[in-house]
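Chemist: Sequence first, then the predicted structure:
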Amino acid sequence: MAIHFDGLNVDGLGALVDVLEASPDCVKILDAEGRIHAINSAGCAFLCQSSHALEGRLWAEFLPEPVREAARRAVAGALEGATLRLSTPCETPHGIRHCDLTVSPLRSAGGARVVAILAVTRDVTDLVLGRLAAEQSARDMARQSAALRAAGLVAKLGAWEIDYQRKEIFWSDEIWTLMGQVPRPLALEDADSVLSGEDREQLRAALQACAQSGEPFALDVPVTRNDETRIWVRIFGERDLGGQILRGAVQDITAQRAAEAELVAARDAAQAASAAQSAFLANVSHEIRTPLHGILGMAQVMETEAPTPLQRERLTIIRQSGDTLMALLNDILDLAKIESGHIELREREFDLAAALTAACGPFTYLAAQRDLAFEVMIEPETAGRWIGDELRLRQILSNLVSNAVKFTQAGSINVLAQATPHGLAISVADTGQGIFPGDVGQLFEKFSQGRGPGVNGGAGVRGTGLGLAICRQLAHLMGGEVSVETALGRGSTFELSVPLQRASPPEASIAAKAAEDPFVQAGPLRILAAEDNPTNQLILRSMLAPLGVELLIVGDGLSAVEAMGVASFDIILMDIQMPRLDGVEATKRIRALERDHDLRSTPIVALSANVMAHQVESYRAAGMDDVVEKPIDLARLYAVLESVVEAR
């Protein structure tokens, strides 16, 4: 027996022995001084000591210092017949345990006097920890709820729930605020009461589909608030696992919808501005290219009529100057296209010597007038044909040479082309005054011009008007770079480096093919040309006369369609802007005529000054096979005709 009453007069307590021993709590019987005179097995286990080791020791020794005095008062109170309770953490061999202490009197059988004191220590650690965890969880939930409410206010987001089994609807306070309404009980039929017409039917369908299939939904609908203001909300919803409850959120997206509308309006305005700019550039291009076509076209025709050496030299200067003017037009258009991101490259085979001659030729005479030595050199291993955008190359080189002539007072200008491991490099070196070091950093900025001391920038030839900034931008588009080395008083060297590739050697040049006179060998080529401008008609006749072709020229697109209805042709040369019917519509009608009558498809080539990317795309979409740009390059036109002859 673990409970002992040594020396105590505890008449009538013997019946409690079995009860106290069976208790899971630490049960002790104390004397008037608070010493342990009996303890049950659970108490021994709680303190990890035997009953013999514990008997006679003060109970307060096993309590924390702060509660020992309270324990002594409890013992004294029990002697007076009072029962006291207190809670405290206790340090045990098992660690710190949370305990509830109860101190009460044990009376004699008649209850007349207190014969002993009963002290019960109950380990409530699990209960305390559970309560603390619950309190912490409640605090966390409160914080989360407050954070969600705050986030809901900021995001204008509220929660909702529909319980179909209980036929109840719940709206959070945020939804009531969004709707501008005072919270009130809701019935199931109130789920879509804030909507009307098609929006209400749309929400009902979404709720029904979600309830049946479990698929979540998101729906944007307009809502009319109590104050008659109209807002846009996004309703999210999903079904719970049981299938009887739908829950979700409602968010005010009025500001988002307004921002999206502003973005759409801004996009539409930008697209309209871009379209207006493209139309303006196309019109300017057409109006300038048309008279240039007359100048360059006739110059090319005259070159084929056995001119004297002096006449040929002058015609060459006219044509090359016209090409430079053409480059100026292209540069101006390119500036607009670069800034709008619409520029495109045309990579074709070209002869390097011819390209350098075309770019530098117009400045030979001007350099001679200023007594400047002007030399253009191509390293032997660099000569030949390359693949790249010849026009861009000539534009950049023309600008560099123009600047060199303009800002060099005496000495020389040397142009050198040489192959590099990465492509082609062309340098333009002059013996001018050089550039101030402080100006070099700004040299490639728009509308900035660096120059050395004593340079009369107004004297001599002017360049294309682009400036080095555009040259560098064009070079970047080609994957290259324009760089400069300069020394004040000793001149400057500008270098264009571009990653071009060499072209395969051609089987035969255009000149050699022309010498074979393929047009005559294959029989007269039947050509239909639609051109409304009398000058352009004359140029076209002059260009095609040496080939011995059969040429029919009509003045508008409708006449071209009518001509195709009564005769057959090997090729159609089609202007674009014409009266009665333009070239694009005429092409569509001709293609329809061929399909309806099961005729072969006649090659149609656009002859146009309107050659911006979107315009060329529209020509091909209408059924045209190729485009020859105005001013017409004679070699390009002949090459197109040769391809038709070879296909016959």
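Modeler: Happy to help now that I have it.

Chemist: drop to CA atoms for contacts and neighbour counts, all remaining ones
Modeler: Noted.

Chemist: Can you tell me the SS state at R72?
Modeler: What DSSP: H, G, I helix; E, B strand; the rest coil gives for R72 is helix.

Chemist: Let me know whether it touches R35 as I believe.
Modeler: No: using CA atoms under 8 Å, R72 is not in contact with R35; the gap is 10.6 Å.

Chemist: Kindly provide the distance from L195 to C99.
Modeler: L195 sits 60 Å away from C99, going by CA to CA, to the nearest Å.

Chemist: Number of residues surrounding the nearest residue to D123 once chain neighbours are set aside?
Modeler: Leaving out its chain neighbours, the residue that sits closest to D123 by CA to CA, 6 or more residues apart in numbering is C99, at 4.7 Å. Residues within reach of C99, counting by other CA atoms under 10 Å, total 19.

Chemist: Doesn't C99 belong to a strand?
Modeler: Yes: C99 sits within a strand when classified using three-state DSSP.

Chemist: Please give me every residue in contact with it.
Modeler: Applying CA atoms under 8 Å, 6 or more residues apart in numbering to C99 gives the contacts 87-90, 121-125.

Chemist: Which parts of the stretch 51-200 of the chain are helices?
Modeler: 51-54, 65-79, 125-155, 173-179, 197-213 (DSSP state H, counting those that start in this stretch).

Chemist: looking at those, which is buried most?
Modeler: Most buried of these by mean neighbour count (mean count of other CA atoms under 10 Å) is helix 173-179; its value is a mean of 19.

Chemist: Extract the CA atoms of that helix and return them as PDB.
Modeler: Output of helix 173-179 as PDB, limited to C-alpha atoms (Å, rounded to 0.1, in the frame of the first residue of the first chain):
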ATOM      1  CA  ASP A 173     -19.700  43.500 -45.600                       C
ATOM      2  CA  GLU A 174     -17.500  44.500 -48.600                       C
ATOM      3  CA  ILE A 175     -20.100  43.300 -51.100                       C
ATOM      4  CA  TRP A 176     -22.800  45.300 -49.300                       C
ATOM      5  CA  THR A 177     -20.500  48.300 -49.500                       C
ATOM      6  CA  LEU A 178     -19.800  47.700 -53.200                       C
ATOM      7  CA  MET A 179     -23.500  47.600 -53.900                       C
END
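
Chemist: Can you spell out which helices and strands pack onto it?
Modeler: Secondary-structure packing of helix 173-179 (3 or more CA pairs under 8 Å, 6 or more residues apart in numbering; DSSP states H and E): helix 125-155, strand 157-163.

Chemist: Between these, which has the poorest mean confidence score?
Modeler: Mean pLDDT per stretch puts helix 125-155 lowest among the helices and strands packed on helix 173-179, at a mean of 72.

Chemist: ok so, going back, nearest to N403 among the helices of the stretch 51-200 of the chain would be which one?
Modeler: helix 125-155 (60.8 Å; CA to CA).

Chemist: Specify the residue ranges that define each domain of this protein.
Modeler: 12-130, 139-257, 263-339, 343-449+465-502, 526-647 (the TED database).

Chemist: among these, where is the model least confident on average?
Modeler: Ranked by mean pLDDT, these end with domain 263-339 in last place, scoring a mean of 76.

Chemist: ok now that one, how far from the chain's centre?
Modeler: Remark: domain 263-339 is offset 35 Å from the chain centroid, using CA atoms, centre = their mean, to the nearest Å.

Chemist: now do stretch 349-358
Modeler: 40 Å.

Chemist: is it true that P499 touches I426?
Modeler: No: contact between P499 and I426 fails when scored by CA under 8 Å: they sit 11.7 Å apart.

Chemist: Of these two, give the one with the bigger neighbour count.
Modeler: Neighbour tally, P499 and I426, criterion other CA under 10 Å: the higher count belongs to I426, 21 against 18.

Chemist: How many residues are close by F436?
Modeler: Neighbourhood size, F436 [other CA under 10 Å]: 16.

Chemist: related to what we said a few turns ago, closest one to Q418 among the helices of the stretch 51-200 of the chain?
Modeler: Among the helices of the stretch 51-200 of the chain, helix 125-155 comes nearest to Q418, with 64.5 Å by CA to CA.

Chemist: Distance check, the residue lying closest to A622 once chain neighbours are set aside against A530.
Modeler: Spatial nearest neighbour of A622, chain neighbours left out: K588 (5.5 Å); criterion: CA to CA, 6+ apart. Separation of K588 from A530 (CA to CA): 14 Å.

Chemist: Same check on P579?
Modeler: Applying CA to CA, the value for P579 to A530 is 11 Å.

Chemist: Can you mark which positions in whichever strand or helix holds the residue nearest to A622 are buried?
Modeler: Under the criterion of DSSP states H and E, K588 resides in helix 583-596. Within helix 583-596, the residues that count as buried by 16 or more other CA atoms under 10 Å are 583-591, 593.

Chemist: ok, back up a step: and the helices of the stretch 51-200 of the chain: which comes nearest V103?
Modeler: The closest of the helices of the stretch 51-200 of the chain to V103 is helix 65-79. By CA to CA, the value is 6.2 Å.

Chemist: what does the closest one contact?
Modeler: With CA under 8 Å, 6+ apart, helix 65-79 has contacts from 32-34, 60-61, 83-84, 88, 103-105, 114, 116-117.

Chemist: Of these - the most surrounded one?
Modeler: For these, neighbours tallied by other CA under 10 Å; top is I117, 29 neighbours.

Chemist: and that one, what is it in contact with?
Modeler: Shown in contact with I117 (CA under 8 Å, 6+ apart): 29-32, 34, 75, 78-79, 103-106.

Chemist: could you redo the last one with a cut-off of 6 Å?
Modeler: 29-30, 104-106 (CA atoms under 6 Å, 6 or more residues apart in numbering).

Chemist: Repeat that for F569.
Modeler: The contact partners of F569, taken as CA under 6 Å, 6+ apart, are 526-527.

Chemist: element containing it?
Modeler: Of the helices and strands defined by DSSP H and E, none includes F569.

Chemist: quick one on the thing from earlier: now the buried residues of helix 583-596 as JSON lines including distance to A205?
Modeler: Putting the buried residues of helix 583-596 into JSON lines (distance: CA to CA, whole Å) gives the following:
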{"residue": "G583", "distance to A205": "53"}
{"residue": "V584", "distance to A205": "50"}
{"residue": "E585", "distance to A205": "49"}
{"residue": "A586", "distance to A205": "52"}
{"residue": "T587", "distance to A205": "51"}
{"residue": "K588", "distance to A205": "48"}
{"residue": "R589", "distance to A205": "50"}
{"residue": "I590", "distance to A205": "53"}
{"residue": "R591", "distance to A205": "50"}
{"residue": "L593", "distance to A205": "52"}
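
Chemist: Out of those, which comes closest to S213?
Modeler: For the buried residues of helix 583-596, the nearest to S213 is K588 (51.9 Å; CA to CA).

Chemist: and that closest one, how far is that from E531?
Modeler: As judged by CA to CA, K588 and E531 stand 17 Å apart.

Chemist: can you check D25 too?
Modeler: Here the criterion is CA to CA. By it, D25 lies 115 Å from E531.

Chemist: Likewise for P89?
Modeler: To E531, P89 is 108 Å away according to CA to CA.

Chemist: ranges for the strands of the stretch 401-550 of the chain?
Modeler: With DSSP state E, counting those that start in this stretch as the definition, the stretch 401-550 of the chain shows strands at residue ranges 412-420, 423-430, 481-487, 491-498, 501-502, 526-530, 550-554.

Chemist: Which one, of those strands, ends up nearest to A622?
Modeler: A622 lies closest, by CA to CA, to one member of those: strand 526-530, at 15.9 Å.
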